[in-house]
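A.B. asks: Turn this into a structure:
(one chain, ligands or ions: 2)
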Amino acid sequence: MESNSDTKTEDRRRVGLIYDERMCRHFTPDGEDHPENPNRILAIWNKLQSAGIPQRCVVLSAKEAEDEYIAAVHTKNHIDLIKNISSKKFDSRRERIAAKYNSIYFNEGSSEAAYLAAGSVLQVTEKVAKGVLDSAFAIVRPPGHHAEENEPMGFCLHNNVAVATSLLLNKRELGINKILIVDWDVHHGNGTQKMFWKDPRVLFFSVHRHEFGSFYPASDDGSHIMIGEGPGAGFNINVPWENGRCGDADYLAVWDHVLIPIAKDFRPDIIIISAGFDAAVGDPLGGCRVTPYGYSMMLKKLMKFAQGKIVMALEGGYNLDSLANSVLACVEVLLEDKPIVGTSEAYPFESTWRVIEAVREELSSFWPILKDELPSKLISKQAPPIQISTSDSDVEDDDGTHIVSSDLEKAVQDVVQPFSELRIGVDSNDDVNAICAPWRSELSNTDVWYATYGSNMCKSRFLCYIEGGQVEGMRKPCTGSLDKSPPKEILWKTFSHRLFFGRDQTKTWGHGGVAFLHPESNSQDKAYLCLYRITLEQFNDVLLQEYISSLDTSSPVFDLTDLDSAMKKRYISPDVLKRGWYHNVVYMGNENGIPILTMTCTLSDVESFKSGKFQLCAPAKEYASALVRGLVGAKLLSEEEALAYILEASTKPL
Ligand code: X5A
Ligand code: ZN
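C.D. replies: Ligands and ions are numbered 1, 2, ... in the order given. The predicted structure is shown next:
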């Protein structure tokens, strides 16, 4: 086996980079300052150069797009306009024509720049689709996502991303059937949305400031109820912010609870990112606070899909430093040879959770994974409302509120507080799951005994929650825990607690009661429990599968703080379990210094059994025989003894 540095280079990801100075020749004709100016891509290119990035990438030279590709999304009129607008014969009319459009300027360099921008995105997209490149970043301007079929707007001339998307759809030999467009520019991608409105092959996702239709481009098109039409229904997803100041926590919450679950289901063949960086902290137009670290994480989470085939096309982004730093962070993620470092310990806004819930609701009939309700423990993690004050030195925040400059800085810091989901400093080799849910690594270092007295006494049944699978008496297959290593030890132990059977019926077992353990001990009682030594991380995955039926593992159900208070107070009832019967996690002491935990009903439920409000109820035959199998199999009891044990638990009053 040979292994030298040459073969290493071969293994590296091939990341395409495209930049062309000719795209700097598009600027305002009157010399007016404009946020969308040549310095944007210059700043990016300079930043990448000083970080030594181009040497590590495949640098391509830009070519103008051919009209046939542009014609797939733009009208003949539009093509003629953009093609000719920079020519001499328009010199006298150019500015008057631009004035007819919304937020558009033209000069002598506009036409060429627009053709190069579209051509650049086209070129890298085709190369990524073919696998010649793993991924690519097109540093282009003018941007594209506001440009509609027959109308330039919002600094956009050609809709670069839409042109490239159409190429993929039309060149069938590329084998691309499903395309995910992620538009994270702070503005709604109205142009792109319209172009694939009825097309189920293109899943268009846009997260943007909307403010109920008042933020640019100020229309209802960016509303979350705009989900596409006909065969494309469900394939257009808008996440409309209700306010500015959204940051990493807000964006990552949308990733974890909207975009990523849908992407898992959609399974794109390629992802194109309409990569505007005007939601970046310090952007003069966006008023949001995404950090380079936030952008890296958003990108990293997407790289798990489509074998990492990702094309990034620059859209907005008007703070030169934030812009350049954010692009650099993204290219480093594409190159995958440097750990993502940084933290962003903030909570999402209350409005963010509301928007996420509304979007999930709107789309849940198309993407069943969204039907699960978000755990209340999760959405209770919220940023404190921002302090707003009025004084002479106020600066106008662009959402109309007045915030003192120093308050603004303080507000940024105020929302920075411990947030376990976002406490990240992992290296890029780690599984994205670990990155998405940093609680896992923390809880994987603590062992607990999961004490069972019901059907989980059958090892094969319990193992389904760890290893995945389905045994008799399970309604559906289990996914298993993320960490599938088997219990480190299994042991049986008797406890002076009362076993009893209650409830008339359950979904799993049909008519008949299920086992509960009295949370308090009593020296006259004796119950047989099977203890599995697993990690606290696995314990959470078991709870999620067994009692919550949720796949949402972005936050733990039962963390170290919960363990601590269970050990102090004997039992605790985690919020997310509140609706179920088994909502009481009981600390049963320890075995070799490792805490023993079991799940049962609460003391007040026991009171209801005592008062006669709830009735004891013998288990169904199938369920009883599962319990007998467990007890006899462990050689604890004979079959008769096991049956007598169950009979007493079913009939003897509490
Ligand atoms: C691409 C982009 C913003 C247009 C704002 C017009 N356009 N006020 O970010
Ligand atoms: Zn924008």
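
A.B. asks: residue ranges with poor pLDDT in the protein?
C.D. replies: Scanning the chain with the threshold set as pLDDT under 70 gives 1-11, 343-345, 384-436, 549-553, 578-579.

A.B. asks: Now the residue of it found nearest ligand 1: which helix or strand?
C.D. replies: With CB to the nearest ligand atom, the shortest gap between the chain and ligand 1 falls at residue 316, namely 2.6 Å. No exception for glycine: its C-beta is placed from N, CA and C like everyone else's. Using DSSP states H and E, residue 316 maps to neither a helix nor a strand.

A.B. asks: That one: what's it in contact with?
C.D. replies: For residue 316, the contact set (CB atoms under 8 Å, 6 or more residues apart in numbering) comprises 36, 143, 155, 185-187, 276-278, 285-286.

A.B. asks: So for the helix ranked longest in the chain, could I get the coordinates as CSV, restricted to C-alpha?
C.D. replies: In terms of residue count, the longest helix belonging to the chain (DSSP state H) is helix 110-130. Taking C-alpha atoms only, helix 110-130 is exported to CSV below (Å, rounded to 0.1, in the frame of the first residue of the first chain):
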residue,chain,number,x,y,z
SER,A,110,-24.2,45.6,-17.8
SER,A,111,-25.0,43.3,-20.7
GLU,A,112,-21.6,41.5,-20.7
ALA,A,113,-21.7,41.2,-16.9
ALA,A,114,-25.2,39.7,-17.0
TYR,A,115,-24.2,37.2,-19.6
LEU,A,116,-21.1,36.3,-17.7
ALA,A,117,-23.0,35.9,-14.5
ALA,A,118,-25.5,33.5,-16.0
GLY,A,119,-22.7,31.8,-18.0
SER,A,120,-20.6,31.2,-14.9
VAL,A,121,-23.4,29.6,-12.9
LEU,A,122,-24.3,27.5,-16.0
GLN,A,123,-20.7,26.3,-16.4
VAL,A,124,-20.1,25.2,-12.9
THR,A,125,-23.5,23.7,-12.6
GLU,A,126,-22.9,21.5,-15.6
LYS,A,127,-19.5,20.4,-14.2
VAL,A,128,-20.9,19.6,-10.8
ALA,A,129,-23.7,17.6,-12.3
LYS,A,130,-21.3,15.6,-14.4
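
A.B. asks: could you pull out the helices for the stretch 51-200 of the chain?
C.D. replies: For the stretch 51-200 of the chain, helices defined by DSSP state H, counting those that start in this stretch occupy the ranges 67-70, 76-84, 94-100, 110-130, 160-170, 190-195.

A.B. asks: Save these as JSON lines, and put in distance to residue 357 too.
C.D. replies: Output for these, formatted as JSON lines (distance: least, CB to CB, whole Å):
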{"stretch": "helix 67-70", "distance to residue 357": "39"}
{"stretch": "helix 76-84", "distance to residue 357": "39"}
{"stretch": "helix 94-100", "distance to residue 357": "41"}
{"stretch": "helix 110-130", "distance to residue 357": "34"}
{"stretch": "helix 160-170", "distance to residue 357": "29"}
{"stretch": "helix 190-195", "distance to residue 357": "22"}
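
A.B. asks: Ok, which of those helices comes nearest ligand 2?
C.D. replies: Comparing the helices of the stretch 51-200 of the chain by their distance to ligand 2 (CB to the ion), the top pick is helix 190-195, with 10.9 Å.

A.B. asks: Same question for stretch 38-52: list its buried residues.
C.D. replies: Using 16 or more other CB atoms under 10 Å as the test for burial, stretch 38-52 gives 38, 40-45, 47-48.

A.B. asks: How many residues are close by the closest residue to residue 231 other than its chain neighbours?
C.D. replies: Leaving out its chain neighbours, the residue that sits closest to residue 231 by CB to CB, 6 or more residues apart in numbering is residue 200, at 4.8 Å. Residue 200 has 17 neighbours, counted by other CB atoms under 10 Å.

A.B. asks: List the residues that contact residue 200.
C.D. replies: 228, 231-232, 234-235.

A.B. asks: same question, residue 229
C.D. replies: 197-198.

A.B. asks: quick one: it from ligand 2, how far?
C.D. replies: Separation of residue 229 from ligand 2 (CB to the ion, to the nearest Å): 25 Å.

A.B. asks: for residue 261, same thing?
C.D. replies: In this structure, residue 261 and ligand 2 are 26 Å apart, going by CB to the ion.

A.B. asks: follow-up on the earlier one: what are the phi and psi angles of the residue nearest to residue 231?
C.D. replies: When read as degrees, to the nearest 10, the backbone of residue 200 gives phi -80, psi -10.

A.B. asks: How about residue 492?
C.D. replies: The phi/psi pair for residue 492 (degrees, to the nearest 10) reads phi -100, psi 150.

A.B. asks: Return the nearest residue of the protein with respect to ligand 2.
C.D. replies: In the chain, the residue that lies nearest ligand 2 is residue 316 (2.9 Å; CB to the ion).

A.B. asks: so which of the contacts of residue 316 would you say is closest to residue 373?
C.D. replies: residue 186 (29.0 Å; CB to CB).

A.B. asks: contacts with ligand 1 among the contacts of residue 316, please.
C.D. replies: Near ligand 1, taking CB under 6 Å from any ligand atom as the test, the members of these found are 143, 155, 185, 187, 276, 278.

A.B. asks: Pull out the buried residues from those residues.
C.D. replies: 143, 155, 185, 187, 276, 278.

A.B. asks: Between its first and last residues, how far does stretch 27-34 reach?
C.D. replies: 8 Å (CA to CA, to the nearest Å).

A.B. asks: follow-up on the earlier one: tell me, which of the buried ones among the ones next to ligand 1 among the contacts of residue 316 make contact with ligand 2?
C.D. replies: Applying CB under 5 Å from the ion to these, one finds that 185, 187, 276, 278 fall near ligand 2.

A.B. asks: Excluding chain neighbours, what is closest to residue 620?
C.D. replies: Among residues not flanking residue 620 along the chain, residue 512 sits closest, at 3.3 Å (CB to CB, 6+ apart).

A.B. asks: contacting residues for the one you found?
C.D. replies: With contact taken as CB under 8 Å, 6+ apart, residue 512 is in contact with 501, 504-506, 617-621, 623-624.
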